[in-house]
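# from the sequence below, what's the structure:
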Amino acid sequence: MKTLKIMFSVVLALIFSGSFTPAQQQDYKIVQDFKAKYHQIENDIKNAESLAQLNDLEIQINQMETTYSVNKELLDKSLYPEDFNSSIQKLRKELSVRKTDFTQITTLETQVTQLNLQVDDLNRKNNSLLVQVRDLTEQSKIDKNKISQLQKTINTLRSSLRKRDELVMDMIDSLIPADYNNSGTLSGQDKQKVFSEAQKKSIIENVQNAIRENIKFLQVTNLNPDDIKSIKERQQQFEKTWQSFGPKIIEIYIEKGKYIQEAQKIDGAFEDWHKAINMEAWNSIGEKYANYGINLNRFSSGKEFTQVIKDYTQDEIKNAKVKGEASFNDYTTFADTAWFGNIKPNWVPFLIDNNMLTEAQKDTIEANIAQWKEVASPDKFNWLYIIIGALVIVIIVLLVRRNSNKKVIPMNSGEAKS
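From the prediction side, this is the model:
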């Protein structure tokens, strides 16, 4: 069939070439050459791979306009529904659109490069700060002057981590095609573009680094509830950003057979980050008790915390009589200073809001503290002393009376007769 079409075209060309005058044949050739040149430039615009190629094509369009302008009248009649000017303008419009695409791509690539440099710089800075915090933490145990320097370094590291996390989240957002949220699907071309951009931005590596360094930060610091709350909110925001498009990125990586294990580990890494935040809260509470001279067994959940407090208070209750007034002093430190003065107002709301401690568990803790108060109260010991004192007095009185009855003075016989 294809061969027949070619033969038919050749026959028609021969017929027309035989019936056309030389001038008509020349006009026909001019029109065909113009159309061929037009389509060639049009295809080159579509297939251009750089802005430099488009600049060369712009020169070709200008040359084409100059070359064929003498044949404008002929071309106006032969290019219906277009004419000479509209054909040239159409090429220039297609060129302009394509140039805009390349300009945007170049701008985006520049932004990506700058963004990657910023992230790399922050990664290096964070690693250095983590080492400093670890060293200063040890030094501050010996040299109290190091404490203010430690706090300053921690604040710098916290700020740097936040900035780096925000940059990585922006990277993830930038990968999402404009119409993805509406359709929820990606074309093959979209997938290739996402994969290419994800590799340029080292998305998998940057997300893993961000999570890893945030966990390290939690491991080397003791934070207050507001600090942990802020970190937890950022972790939730980061995870939400990842979940918005991360699973699709993993799917694309799996299809491409690249970094499959690394990509699949990210969801687990977010869970590790979440656990590390909770663990930091429990560790900080334990550290607070230790600062008051109260050494509790380790705990990592509301259930364990409640049981540890119960065991501690029950032991104190058993030893209350032996410790005497010292039991009340220990109770005061534990209950009034530590629990009611610090843990309850500062930490319990955070624990309950984040489902780490229940109201029932809090009530159980306070019930045990109340039991300890009952036996440790000075009033109890005062009554005991009063009772003992009263018994001693009674015994002394009885002994005195008994001795008094034994001492009877004998009467003189003479006196008796008179």
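
# from here on, contacts and neighbour counts on C-alpha atoms
OK.

# what residues are up against Ser160?
Counting by CA atoms under 8 Å, 6 or more residues apart in numbering, Ser160 makes contact with 122, 125-126.

# same thing but 10 Å
122-123, 125-126, 129, 154, 166 (CA atoms under 10 Å, 6 or more residues apart in numbering).

# nearest to Ile45 among these?
Glu166 (38.1 Å; CA to CA).

# so the closest one: helix, strand or coil?
Classification of Glu166 by DSSP: H, G, I helix; E, B strand; the rest coil places it in helix.

# and the gap between it and Ser160?
According to CA to CA, to the nearest Å, Glu166 and Ser160 sit 10 Å apart.

# again with Pro225
Distance of Pro225 to Ser160, given as CA to CA: 20 Å.

# would you confirm that Glu316 contacts Ile294?
No: Glu316 sits out of contact with Ile294 when judged by CA atoms under 10 Å, with a separation of 11.9 Å.

# which strands or helices does whatever helix or strand Ile215 lives in pack on?
Element membership for Ile215, per DSSP states H and E: helix 203-220. In terms of contacts (3 or more CA pairs under 10 Å, 6 or more residues apart in numbering; DSSP states H and E), helix 203-220 is packed against helix 84-140, helix 146-175, helix 188-200, helix 225-256, helix 260-264, helix 266-291.

# ok, 6 Å please
Applying 3 or more CA pairs under 6 Å, 6 or more residues apart in numbering; DSSP states H and E, one finds that helix 203-220 contacts no other helix or strand.

# flag every buried residue along it.
Within helix 203-220, the residues scored as buried using 16 or more other CA atoms under 10 Å are 203-204, 206-208, 210-211, 213-220.

# equivalent analysis for stretch 222-232, please.
222-223, 225, 228-229, 231-232.

# nearest residue to Pro177 other than its sequence neighbours?
Ranked by CA to CA, 6 or more residues apart in numbering and with sequence neighbours excluded, the top spatial neighbour of Pro177 is Asp190, at 7.4 Å.

# relative to Lys77, how far out is the one you found?
Here Asp190 is placed at a distance of 42 Å from Lys77 (CA to CA).

# and what of Ile285?
The value you get for Ile285 to Lys77, if CA to CA is used, is 89 Å.

# of these two, which one has the most company?
Shown here are Ile285 and Lys77; by other CA atoms under 10 Å, Ile285 has more neighbours (24 against 13).

# how many other residues sit next to the closest residue to that one other than its chain neighbours?
Spatial nearest neighbour of Ile285, excluding adjacent residues (CA to CA, 6+ apart): Ile343 at 7.2 Å. For Ile343, the count of nearby residues is 17 (other CA under 10 Å).

# swap in Thr185?
By the criterion of other CA under 10 Å, Thr185 has 13 neighbours.

# how about it, secondary structure?
coil.

# and it, backbone torsions?
phi -130, psi 160 (degrees, to the nearest 10).

# and for Asn224?
According to degrees, to the nearest 10, Asn224 has phi -90, psi 170.

# give me the nearest residue to it, chain neighbours excluded.
Asn224 sits nearest to Ser284 (CA to CA, 6+ apart), 7.3 Å away.

# again with Ile250
Closest to Ile250 by CA to CA, 6+ apart is Ala263, at 5.7 Å.

# tell me the pLDDT at that neighbour?
Ala263 is assigned 78 on the pLDDT scale.

# any idea how far it lies from Val207?
The gap separating Ala263 from Val207 is 10 Å, by CA to CA.

# brilliant, that's me finished.
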